[in-house]
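# show me how the following folds:
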Amino acid sequence: MPYPELKGLLTDIGTEELGHLEMVGTIVHQLTRNLTEDQIKQAGFDAYFVDHTAGVYPTAASGFPWNAASMQVKGDLIADLTEDLAAEQKARVTYDNILRLSDDPDVNDVIRFLRAREIVHFQRFGETNHNKLSRFYHRTSIGTSCPDAFFVYYSR
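Numbers count the residues shown, from 1 in each chain. Next up is the predicted model:
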């Protein structure tokens, strides 16, 4: 890692995000483990069931399996941290959408917790962008000044 000021942040958030996958996987398992064949068919879960039974297989709501192609990396510290900020907001919106559709109080409690953690991650990435990495914003790779508006937007 060429930026030691990021090691702790990325380790902490990365570890917590793996925990989020485990929590969501546990919810899915608990909701699907005792489904009858009729319930599987009525829920439109039959195609998934044929391939995975009730095992947790990470897919988007649209049915596309998760893969590393959804991760955006440019190798530029500023661009990559900005993408991390965007990813946290996308996760928050996904949790908001789940809360709009779910009527299960136990599921909703966990989703609210996960949503709150995404907001904290967004704030930590923003603080790192502003406080620890400000030296990278004085000049870009082509030598032009970066606008101060970036700091105002991401330091909230």
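# longest helix in this protein, please.
Assignment by DSSP state H gives helix 4-32 as the longest helix of the chain.
# return the set of buried residues in the next helix or strand after it.
Proceeding N to C from helix 4-32, the next assigned helix or strand is helix 37-42, under DSSP states H and E. Of the residues in helix 37-42, those buried under the neighbour-count criterion (16 or more other CB atoms under 10 Å) are residue 40. No exception for glycine: its C-beta is placed from N, CA and C like everyone else's.
# buried residues in the helix or strand just after helix 37-42?
The helix or strand immediately downstream of helix 37-42 is helix 46-52, counting by DSSP H and E. Judged by neighbour count using 16+ other CB under 10 Å, the buried positions of helix 46-52 are 48, 49.
# outline the domain layout of the protein.
Domain assignment for the chain by automatic domain parsing gives 4-29+72-154, 33-70.
# hang on, residue 108 packs against residue 96?
No: distance between residue 108 and residue 96: 11.5 Å, which falls outside the contact criterion (CB atoms under 8 Å).
# what are the contacting residues of stretch 95-108?
Residues external to stretch 95-108 that are found in contact with it (CB atoms under 8 Å, 6 or more residues apart in numbering): 27, 31, 111, 112, 114, 115, 118.
# swap in 7 Å and give it another go.
27, 111, 114, 115, 118 (CB atoms under 7 Å, 6 or more residues apart in numbering).
# which stretches of this protein have low pLDDT?
For the chain, the stretches flagged by pLDDT under 70 are 1-2, 130-156.
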